[in-house]
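Peer 1: 3D, please:
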Amino acid sequence: RIHALECSVAERDRQVAELRVSLRGMKADFEFNLKLIEDRDAELERYDGAFSTLNGALREREAELSDLHVSLDEAEAQLRAEQARGREVEKYCEDKLAEAKQRMEGLRSAKDEEIRRARAD
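Peer 2: Residues are numbered from 1 along each chain as shown. Next up is the predicted model:
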């Protein structure tokens, strides 16, 4: 009976030793996996920070681009207004030139007629 108990205790001690070895292995695996997760979390935090920074820069660029589009639209509207004004001035000048030519032609005809009359007398 004592021998059986001694064998039982020895078996239990062997099982405890195996379980301790297994526990150490699982503990090492757990710590390794925990370190991997911590490293991954730190890397994700860096990526989140970089993403936030880039996203902020993108929003700034989009706002700047929007402002530039507004400025471009305003400049194009101003250009169209100046071109219309230029056409109006050009038309005004052409009309005045035509009037001046017509007046000059009238004066020339009158002068020619006056000269003919003076020669005829």
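
Peer 1: can you tell me the average pLDDT over whichever strand or helix holds residue 46?
Peer 2: Here residue 46 sits within helix 2-120, counting by DSSP states H and E. Averaging pLDDT along helix 2-120 gives 96.

Peer 1: For it, name the packing helices and strands.
Peer 2: If you count contacts as 3 or more C-beta pairs under 8 Å, 6 or more residues apart in numbering; DSSP states H and E, helix 2-120 packs onto no helix or strand. In this view, the C-beta of every residue, glycine as well, is placed from N, C-alpha and C.

Peer 1: How far off centre is that helix?
Peer 2: 0 Å (C-alpha atoms, centre = their mean, to the nearest Å).

Peer 1: Start at 465, not 1
Peer 2: Shifting the count to begin at 465 puts that one at helix 466-584.

Peer 1: How many residues are close by residue 552?
Peer 2: The tally of other residues near residue 552 (other C-beta atoms under 10 Å) stands at 10.

Peer 1: distance of it from residue 543?
Peer 2: Distance, residue 552 to residue 543, by C-beta to C-beta, to the nearest Å: 15 Å.

Peer 1: Kindly report the same for residue 493.
Peer 2: The gap separating residue 493 from residue 543 is 72 Å, by C-beta to C-beta.

Peer 1: cool, residue 526 as well?
Peer 2: Here the criterion is C-beta to C-beta. By it, residue 526 lies 25 Å from residue 543.

Peer 1: what does residue 466 give?
Peer 2: 111 Å.

Peer 1: neighbour count winner among these two?
Peer 2: For residue 466 versus residue 543, the count of surrounding residues by other C-beta under 10 Å is larger for residue 543: 10 against 6.

Peer 1: give the contact list for that one.
Peer 2: Listed by C-beta atoms under 8 Å, 6 or more residues apart in numbering, the contact set of residue 543 is empty.

Peer 1: Could you tell me how far it is located from residue 472?
Peer 2: Going from residue 543 to residue 472 by C-beta to C-beta gives 102 Å.

Peer 1: can you check residue 578 too?
Peer 2: 153 Å.

Peer 1: Equivalent analysis for residue 581, please.
Peer 2: 158 Å.

Peer 1: Check residue 531 too.
Peer 2: Taking C-beta to C-beta, one finds residue 531 at 86 Å from residue 472.
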